[in-house]
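# Just the structure for this:
(chains A and B)
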Amino acid sequence: MKITELEVRNVADLANLDLTASEIARLARDMDEILTHMDALSELDTSNVEPMAQVLYQSEETATLRADEIVPPIGNEAALANAPLAGAGYYKVPKVIER
Amino acid sequence: MNDIASMTIEEVRTGLAARKFSAVEMAQSALEFAQAENPKTNAYLHFCPERALAAAERVDKKLAAGEDAGALGGVPLAVKDVIVTKGVRTTCGSRLLERYIPPYDATAVVRLEQAGAVILGKTNCDEFAMGSSNENSAFGPVRNPAALDRVPGGSSGGSAAAVAQGTAMVALGSDTGGSVRQPASFCGVVGVTPTYGRVSRYGLVAFASSLDHIGPLGRTVRDAALLLETMAGRDACDSTSAFAPVPSYTAQLDGEVAGTRIGLPREYFEGLASESGDRIHQAIELLKKLGCEIRDMSLPATKYAVPCYYIIATAEASSNLARYDGVRYTTRANEDSLSDMYRATRGEGFGAECKRRIMLGTYVLSHGYYDAYYLKAQKVRALIAEDFRKAFTEVDAIVAPVSPSPAFKIGEKMDDPLEMYLSDIYTITGDLAGIPCMSVPCGKTSDGLPVGMQILARHFDETGMFRLADAFEKAGGFAGSN
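Numbering: from 1, shown residues only, chains lettered A, B, ... in the order given. Predicted structure coming up:
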């Protein structure tokens, strides 16, 4: 077993994800199978390989700095238009700090 | 007007120039046809007729003033619903974003509309582009126009189905592990994943940022190439977009492919015993007839591509999907504490596949597993990219299958996520290496299911890739063969 239901619960905690009991059982099974498959990577000797974090290709140096010009921002109203709950120009969330 | 379901961009251009029809008439017919036909496949999630007609009116005004209407003047376009459109609902195939109305347009969308394209609507896809069958959409699966009981592929299944069905002339998709090429092959249309960074991702809802691309779909190689050259190029809003100048791909579709060195990677043909394999082998014979030089070759790290990809893609996805926490994007579960609100919103909102990937990604990034999984996968990715770099010192292009089998039945693979992941084996390598690759139709199985041939090329050699695909398409009579 690569992963137990208890570990699935711990990972769900890290991911801030509510799961039902049946989802946990199913995920334990699926993740066990997938992680076992992923273990194939350990066959490969990668001791002298640099990790690749992004796609690299030959390219010329280019000026990435843009002119310092003011462009109109999206605006508070438009930015908050999709908020589930907004007020006074801010996103509102359940109370975080008790007085 | 000609049959709208089979027209090409060139036919629209000449029709408008000869005043056979106006752009508004074209848009109205296209919308009417698409809305009437859509229930058969569920390819579109929603239409945007006002935006379409406004775009068409702008084209007609330019034409009336004797101005250039743009490279895509009046062309009906469908946009995958993971690409944002200002004022037009963008759901990503997710319940979480069911009511999300973006406040801005993706750069690709802006550039295509500036060139005269007419967006008809937004297409269905797997939730947050995660899936290979379009069955992970919260708004129902898409049916393959070639066989309505089968999947169109995924995740850009709606875009591929709309182009095949004729309810869009061209479409935008997104590709992270094959999500443009695989549905293109299943539906019998052309689908292109450009070089990483070739098209700005500003406005593409992020899935796995080191792998995500926007790519075009069309019924001909020329149409797809025209779409790409119109939207490609540096964009200040996407720091990962490439500065390399964009050539005119369409100006170089000259059929000059004799002498092209084509590599057939052994690892992609071992165990390919299906009818899809037969079609690919016939395609290779056709390439020989065109004067291409076929070479046997090896990409030894291929067998590690699936685990490598599913570690990196899920790790990045778990980070990117963290933003759907109930604070900003329309949907929130009502809970008294902030932490309960996050957890309940995400638990209720995400579908099964997104949850699986968030969990896998969180696991491979978590303390104690990071080195064994994520760091290891990044190293294996370097080996896969190095395989391609070496290969392209000896060949000009690589030809391979797109998928081990043609379109499968709806529901057939839903209970086995690992089997679904393994079916991505031939497409994920191109994304991991960041090279341009595409699917071009190469015939059908005895059941009439389309098969696609994959072409992979060097970084930024879309020109050579399109030239080869175009010559192949013409020689085989595959244009618009869906």
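
# The closest residue to chain A within the stretch 351-482 of chain B - how many residues pack around it?
Across the stretch 351-482 of chain B, the shortest distance to chain A (CB to the nearest CB) belongs to residue B:434, at 3.1 Å. The way it works is simple: take the backbone N, C-alpha and C, and place the C-beta from them, glycine included. Per other CB atoms under 10 Å in any protein chain shown, the neighbour tally for residue B:434 reads 24.

# Could you check how far it is from residue B:256?
Per CB to CB, to the nearest Å, residue B:434 is found 27 Å from residue B:256.

# now do residue B:378
Taking CB to CB, one finds residue B:378 at 39 Å from residue B:256.

# before we move on, what about residue B:43?
36 Å.

# Could you check which of the two is surrounded by more residues?
Between residue B:43 and residue B:256, counted using other CB under 10 Å, the more crowded position is residue B:43 (32 against 12).

# for chain A, what's the longest helix?
helix A:21-38 (DSSP state H).

# Next SSE downstream of that one?
Using DSSP states H and E, the next helix or strand after helix A:21-38 towards the C-terminus is helix A:76-80.

# Which residues does that following helix contact?
A:86, A:89, A:90, A:91, B:103 (CB atoms under 8 Å, 6 or more residues apart in numbering or on different chains).

# Kindly tell me how buried the fourth one is, as a neighbour count.
Read that as residue A:91. 13.

# What's the separation between it and residue B:197?
In terms of CB to CB, residue A:91 sits 32 Å off from residue B:197.

# if we can go back for a sec, for the contacts of helix A:76-80, work out which two are farthest apart.
A:90 and B:103 (16.6 Å; CB to CB).

# what about those two, which has more around it?
Each of residue A:90 and residue B:103 has its neighbours counted (other CB under 10 Å); residue B:103 has more, 15 against 11.

# quick one: pLDDT of the closest residue to the more buried one other than its chain neighbours?
Leaving aside its chain neighbours, residue B:103 sits nearest to residue A:78 (4.2 Å; criterion: CB to CB, 6 or more residues apart in numbering or on different chains). The model reports residue A:78 with a pLDDT of 94.

# Tell me if I'm right that residue A:15 and residue B:358 touch.
Yes - between residue A:15 and residue B:358 there is a contact under CB atoms under 8 Å: 5.2 Å.

# Residue ranges in chain A under the pLDDT threshold?
For chain A, no stretch is flagged by pLDDT under 70.

# Enumerate every residue touching the closest residue to residue B:482 other than its chain neighbours.
Excluding the flanking residues, the one nearest residue B:482 by CB to CB, 6+ apart is residue B:188, at 3.4 Å. By CB under 8 Å, 6+ apart, the contact set of residue B:188 is B:146, B:164, B:441, B:444, B:450, B:452, B:481, B:482.

# again with residue A:69
So residue A:69 contacts nothing (CB under 8 Å, 6+ apart).

# ok, the spatially most central residue of chain A - contacts?
With distances taken as CA atoms, centre = their mean, the residue of chain A nearest its centroid is residue A:15 (8.6 Å). Residues in contact with residue A:15 (CB under 8 Å, 6+ apart) are B:318, B:346, B:358, B:359, B:362.

# hang on, isn't the fourth one packed against residue A:34?
What it means is residue B:359. No - shown here, residue B:359 and residue A:34 do not form a contact pair, counting by CB under 8 Å, at 9.9 Å.

# neighbour-wise, which of the two wins?
In terms of neighbours (other CB under 10 Å), residue B:359 is the more surrounded of residue B:359 and residue A:34; the figures are 27 against 23.

# what helix or strand is the more buried one on?
Assigned by DSSP H and E, residue B:359 falls in helix B:352-365.

# Extract the CA atoms of that helix and return them as PDB.
C-alpha atoms of helix B:352-365 as PDB (Å, rounded to 0.1, in the frame of the first residue of the first chain):
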ATOM      1  CA  ALA B 352     -14.100  13.900  -9.200                       C
ATOM      2  CA  GLU B 353     -11.200  14.300 -11.600                       C
ATOM      3  CA  CYS B 354     -10.200  17.800 -10.300                       C
ATOM      4  CA  LYS B 355     -10.200  16.400  -6.800                       C
ATOM      5  CA  ARG B 356      -8.100  13.500  -7.800                       C
ATOM      6  CA  ARG B 357      -5.500  15.800  -9.400                       C
ATOM      7  CA  ILE B 358      -5.500  18.300  -6.500                       C
ATOM      8  CA  MET B 359      -4.900  15.400  -4.100                       C
ATOM      9  CA  LEU B 360      -2.100  13.800  -6.200                       C
ATOM     10  CA  GLY B 361      -0.500  17.100  -6.700                       C
ATOM     11  CA  THR B 362      -0.700  18.000  -3.100                       C
ATOM     12  CA  TYR B 363       0.800  14.600  -2.200                       C
ATOM     13  CA  VAL B 364       3.800  14.800  -4.600                       C
ATOM     14  CA  LEU B 365       4.600  18.300  -3.300                       C
END
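
# Quick check: the closest residue to residue B:362 other than its chain neighbours vs residue B:127, distance?
Of all residues not flanking residue B:362 in the chain, residue A:15 sits nearest, at 4.3 Å (CB to CB, 6+ apart). Distance of residue A:15 to residue B:127, given as CB to CB: 16 Å.

# in the host helix or strand of residue B:387, what counts as buried?
Assigned by DSSP H and E, residue B:387 belongs to helix B:376-391. By neighbour count on 16 or more other CB atoms under 10 Å in any protein chain shown, the buried set for helix B:376-391 is B:376-388, B:391.

# and residue B:216, what are its phi and psi?
Per-residue torsions, residue B:216: phi -90, psi 150 (degrees, to the nearest 10).

# Next, the contact list for it, please.
Contacts of residue B:216 by CB under 8 Å, 6+ apart are B:170, B:171, B:172, B:173, B:180, B:191, B:192, B:223, B:224, B:227, B:228, B:231.

# before we move on, what about residue B:112?
Residue B:112 neighbours (CB under 8 Å, 6+ apart): B:72, B:77, B:119, B:172, B:227, B:230, B:231.

# hmm, try it at 10 Å
Listed by CB atoms under 10 Å, 6 or more residues apart in numbering or on different chains, the contact set of residue B:112 reads B:55, B:70-72, B:75, B:77, B:79, B:105-106, B:118-119, B:170, B:172, B:216, B:227, B:230-231.

# Out of these, which sit inside strands?
In strands, judged by DSSP state E, the following of these are found: B:77, B:79, B:118, B:119, B:170, B:172, B:216.

# where along chain B do the strands fall?
Counting by DSSP E, the strands of chain B are B:44-47, B:76-80, B:118-123, B:170-175, B:190-193, B:213-218, B:261-265, B:293-297, B:397-401, B:437-444, B:450-457.

# residues from the stretch 51-200 of chain B in reach of chain A?
B:86, B:97, B:99, B:100, B:101, B:102, B:103, B:104, B:195, B:196, B:197 (CB under 10 Å from any CB of the partner chain).

# Pull the most distant pair out of those.
So, these by CB to CB: farthest apart are B:99 and B:195, at 35.3 Å.

# about what we covered before: dump the contacts of residue A:15 to JSON lines, plus pLDDT.
Shown next, in JSON lines, are those (pLDDT from 0 to 100):
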{"residue": "B:318", "pLDDT": "98"}
{"residue": "B:346", "pLDDT": "98"}
{"residue": "B:358", "pLDDT": "98"}
{"residue": "B:359", "pLDDT": "98"}
{"residue": "B:362", "pLDDT": "98"}
